[in-house]
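>>> Provided below are the primary sequence and the corresponding predicted coordinates.
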Amino acid sequence: MRGHKLYRVLVNPYRGRVLVSGKIKDLELLGEGWVLEGEFPSWSAAFSYARRIADKYNYVLEWYLEEMLSSPTSVTLKATEIVACGCSLN
């Protein structure tokens, strides 16, 4: 998939958090209690997978707003599902 952006689903079971990210820098989190659960060619596919994990374990689901808005596929969210977008992970 050279030349294509990948979106990753990272999970931190200790903090109860799931992150959808297309940012390479977020791979640095892997040494800090985060686990790579999957890589996807589209933001919506990554988000759908991450949402299932978050729902199953009642984890907080996080993502970057700019990545969601630039995704060609729309995702329907309820206002109560949106807690934080683009927040710092430190």
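On my side now, so go ahead.
>>> which SSE is the residue lying closest to Leu6 once chain neighbours are set aside in?
Nearest non-adjacent residue to Leu6, counting by Cβ to Cβ, 6 or more residues apart in numbering: Glu39, 4.7 Å away. Bear in mind the C-beta positions are built from the backbone N, C-alpha and C, glycine included. Using DSSP states H and E, the element containing Glu39 is strand 35-40.
>>> partners of the residue nearest to Leu6 in the sheet?
For Glu39, the beta-bridge partners under DSSP bridges are Arg8.
>>> ok, back up a step: right, and the helix or strand after the strand holding Glu39?
Of the helices and strands lying after strand 35-40 in sequence (DSSP H and E), the nearest is helix 43-57.
>>> helices or strands up against that next one?
strand 7-12, strand 17-21, strand 35-40, strand 60-63, helix 65-70 (3 or more Cβ pairs under 8 Å, 6 or more residues apart in numbering; DSSP states H and E).
>>> CSV for these, including mean pLDDT, distance to Tyr49 and mean neighbour count?
Conversion of those to CSV gives the following (pLDDT from 0 to 100; distance: least, Cβ to Cβ, whole Å; neighbours: other Cβ atoms under 10 Å):
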stretch, mean pLDDT, distance to Tyr49, mean neighbour count
strand 7-12, 98, 5, 22
strand 17-21, 97, 9, 23
strand 35-40, 98, 6, 14
strand 60-63, 96, 11, 20
helix 65-70, 88, 15, 13
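>>> just put these in TSV and tack on distance to Phe47.
Putting these into TSV (distance: least, Cβ to Cβ, whole Å) gives the following:
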stretch	distance to Phe47
strand 7-12	8
strand 17-21	5
strand 35-40	9
strand 60-63	7
helix 65-70	7
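>>> thought the residue nearest to Leu6 was touching Tyr7?
Yes. At 7.2 Å, Glu39 counts as touching Tyr7 under the criterion of Cβ atoms under 8 Å.
>>> what's the span of stretch 54-65, first residue to last?
End-to-end distance of stretch 54-65: 18 Å, with Cα to Cα, to the nearest Å as the criterion.
>>> circling back to that earlier point, relative to helix 43-57, how tilted is the strand holding Glu39?
Between the axes of strand 35-40 and helix 43-57, defined by axes from the mean of the first three to the mean of the last three Cα atoms, to 10 degrees, the angle is 140 degrees.
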